[in-house]
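Novice: Would you be able to build a 3D model of this:
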Amino acid sequence: MTTLTEDETTLVLTRAFAAPPEAVFDAWLVREEWQAWIGPEGMQCEVPEMEPRVGGRYRILMRMSDGRTVPVAGVFETIERPTRFAFTWGWENDPDRQSLITVTLAPTADGTQLTLRQAGLGTIQNRDDHGRGWGSALGKLERYLAG
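Specialist: Numbering: from 1, shown residues only. The predicted model follows:
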């Protein structure tokens with residue numbers, strides 16, 4: 001049996017945005033803004049619940065192209081505007097599908113460097129699947145911020 005280390009199953013993505021950290025921060029933590037871009041290409045998402053405070057909850061309804069709806073929910077664990085926030089991420093009511101996402105935002109000469117770290121994915125396949133999803137969603141965020 002192969003034992004995987006947390007580092008092997010932790011997703012880390014870095015992306016540059018031509019927008020200030022405050023704008024990138026708000027795109028994640030203002031309900032209407034998050035709803036405008038969250039989810040991979042071709043997926044429509046609704047954010048019916050959003051409490052952007054430490055201990056506050058959020059809920060996303062991800063509508064798949066095949067008609068299924070996947071409810072994702074979590075709790076905000078850290079909010080430090082405009083440099084960092086962290087929240088749990090997982091399928092609603094499924095304790096086996098929970099992870100922790102930490103987003104850090106650093107100002108650059110051209111805007112913001114975002115680093116997304118998602119720990120607790122459990123398998124390399126799950127890490128890679130989430131990597132494709134977040135990569136696609138961050139492309140949507142880039143277009144949203146360019147606006």
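Novice: going forward, measure contacts between C-alpha atoms and count neighbours the same way
Specialist: Noted.
Novice: element containing residue 24, please.
Specialist: Using DSSP states H and E, residue 24 maps to helix 21-29.
Novice: List of residues touching the next helix-or-strand element following that helix?
Specialist: Next in sequence after helix 21-29, counting helices and strands by DSSP H and E, comes helix 31-37. Helix 31-37 is contacted from outside by 26, 27, 28, 45, 46, 47, 49, 50, 137, 140, 141, 144, using CA atoms under 8 Å, 6 or more residues apart in numbering.
Novice: Give me the buried positions along helix 31-37.
Specialist: Neighbour-count burial for helix 31-37 flags 31, 33, 34, 35, 36, 37 (criterion: 16 or more other CA atoms under 10 Å).
Novice: Now do the fourth one, the pLDDT please.
Specialist: It refers to residue 35. Note on residue 35: pLDDT of 97.
Novice: quick one: it from residue 122, how far?
Specialist: Here residue 35 is placed at a distance of 27 Å from residue 122 (CA to CA, to the nearest Å).
Novice: Tell me how many other residues crowd the spatially closest residue to residue 52 that is not a sequence neighbour.
Specialist: Nearest residue to residue 52 in three dimensions, chain neighbours excluded: residue 29, at 5.9 Å (CA to CA, 6 or more residues apart in numbering). Neighbour count for residue 29, taken as other CA atoms under 10 Å: 21.
Novice: State the distance from residue 29 to residue 9.
Specialist: 26 Å.
Novice: same thing with residue 54?
Specialist: The gap separating residue 54 from residue 9 is 26 Å, by CA to CA.
Novice: Could you pull out the buried residues of stretch 77-84?
Specialist: Judged by neighbour count using 16+ other CA under 10 Å, the buried positions of stretch 77-84 are 77, 78, 79, 82, 83, 84.
Novice: could I get those residues as TSV with distance to residue 19?
Specialist: Below are the buried residues of stretch 77-84 laid out as TSV (distance: CA to CA, whole Å):
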residue	distance to residue 19
77	25
78	22
79	19
82	12
83	13
84	16
